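1. have a look at this prediction, sequence included:
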Amino acid sequence: MAELTVLAIQKAGIADISAVLVAADVAGDTVGSSSGIFIAMANGDASPHTLTVAAPTATTDCGNFGELDVEDITLVVAAGDTGFVSIPLAYIDGSGDFAWTYDAITSVTIGVFSIAP
């Protein structure tokens, strides 16, 4: 498997999401896990693109609800649009990070932001 690119978390206020986005990596991207972060994905391509965070497990025990399926997190961004997604701490991978992949990276840029104080 190809090495994922480690991204830096940028501090952002609600009114300032104009920070620099970087090119998405063909192998996927990763960032250290932390609460209060979200990912911005801009799609400059003529086709929609999808970001996928793999589910860390197939099922989880939810007490009185029993075993529930855990789904991948997907963000589909339309052509020429920007989308945002937050990753719950339960999606930390085996390395202790958040990691995700893309269906394709043509004209896709990405940034990781923090809204935590």
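-> Sure, I can see it.
2. and the next helix or strand past the helix or strand of the chain with the lowest mean pLDDT?
-> In the chain, no helix or strand scores lower on mean pLDDT, DSSP states H and E than strand 9-11, which sits at a mean of 70. Past strand 9-11, further along toward the C-terminus, the next helix or strand under DSSP states H and E is strand 22-23.
3. name the residues that touch that next one?
-> Contacting residues not belonging to strand 22-23 are listed as L7, I105, V108, T109, I110, G111 [Cβ atoms under 8 Å, 6 or more residues apart in numbering]. C-beta coordinates here come from the backbone N, C-alpha and C atoms, glycine included.
4. quick one: which of these sit in strands?
-> V108, T109, I110, G111 (DSSP state E).
5. quick one, strands of the chain?
-> Secondary structure of the chain (DSSP E): strands located at 5-6, 9-11, 22-23, 29-32, 37-43, 49-53, 59-61, 67-69, 73-77, 82-86, 97-102, 108-114.
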